[in-house]
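1. this one's sequence-less:
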């Protein structure tokens, strides 16, 4: 299956070269799409150099920090213009380790959406503090109960979508621009009846750079779950 990997970046100069090199060494993907939000630390320029060195690497430059969700949408639209069978998304900080990419791609032969999951047998987290673990568990529990989501890890960004899933969803109609985009996409996939499976991964908290999750992102995520929950209650698609 020809696969494109989307990597949103903001101030990931410490990680992006090593990450791209590890992905390329797998020889499992045809395209790496880096979506950079005008990183002040020069990540975009480093990505351009990687693109000059490797024909598999493509770079999308955006003028400002516009949100994770909109970065994914920009990457999806670019990927759908390529002859790809599936599209994989991942973080740039090695919390989603490239070693799991082949398993996610293989799993997508059986499922329309495969999730790299912390919360199935064999999955877990490393170097995450108690507050981060609590926040993740709570967010997943609330999303599952409110929206009827069946996946164990509803907020995971390490995913592999079949092409037809992304073609079936009106990407421009996605309201969420931040991390809550992940919950909204999963909800739409489930509402459309797509098969969703999970692959166990060990989530490794970043070693280089700073976390991008802020209090405002937490409130936005809560609002997204409540909004979608209301739509579900009202029977809206």
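-> Ah, there it is. As the structure is a prediction and not an experimental result, all values here were calculated from the model. Numbering: from 1, shown residues only.
2. switch to C-alpha atoms for all contacts and neighbour counts from now on
-> Will do.
3. how about stretch 179-194: buried residues?
-> 179-190, 194 (16 or more other Cα atoms under 10 Å).
4. what about those residues, which are in helices?
-> Using DSSP state H, the members of those that fall in helices are 181-190.
5. with distance to residue 69 added, can I get the residues you listed in CSV?
-> CSV is the format used below for these (distance: Cα to Cα, whole Å):
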residue, distance to residue 69
181, 5
182, 7
183, 10
184, 10
185, 9
186, 12
187, 14
188, 14
189, 15
190, 18
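6. with the residues you listed in mind, which one is nearest to residue 90?
-> residue 182 (11.5 Å; Cα to Cα).
7. can you pull the contacts of the residue lying closest to the closest one once chain neighbours are set aside?
-> Nearest residue to residue 182, sequence neighbours excluded (Cα to Cα, 6 or more residues apart in numbering): residue 155, at 5.8 Å. Residues in contact with residue 155, defined by Cα atoms under 8 Å, 6 or more residues apart in numbering, are 136, 139-140, 179-180, 182-183.
8. and those, which is closest to residue 16?
-> residue 179 (20.1 Å).
9. from memory the closest one sits against residue 69, does it?
-> Yes: counting by Cα atoms under 8 Å, residue 179 does reach residue 69; the two are 6.4 Å apart.
10. before we move on, the earlier item: closest to residue 39 out of the ones in helices among the buried residues of stretch 179-194?
-> Taking Cα to Cα as the measure, residue 39 sits nearest to residue 181 out of those, at 21.0 Å.
11. and that closest one, what's its pLDDT?
-> Here, the pLDDT recorded for residue 181 equals 91.
12. where's the closest residue to it other than its chain neighbours, which helix or strand?
-> The shortest distance from residue 181 to any non-neighbouring residue, by Cα to Cα, 6+ apart, is to residue 69 (5.0 Å). In this assignment (DSSP states H and E), residue 69 forms part of helix 68-80.
13. now do the residue lying closest to residue 188 once chain neighbours are set aside against residue 220, distance only.
-> Spatial nearest neighbour of residue 188, excluding adjacent residues (Cα to Cα, 6+ apart): residue 169 at 7.5 Å. According to Cα to Cα, to the nearest Å, residue 169 and residue 220 sit 21 Å apart.
14. which stretches of the protein form helices?
-> Going by DSSP H, the chain shows helices at 16-26, 43-53, 68-80, 101-107, 130-147, 163-168, 181-191, 215-233.
15. elements contacting the fourth one?
-> This means helix 101-107. For helix 101-107, the packing partners by 3 or more Cα pairs under 8 Å, 6 or more residues apart in numbering; DSSP states H and E come out as strand 113-117, strand 159-162, strand 196-200.
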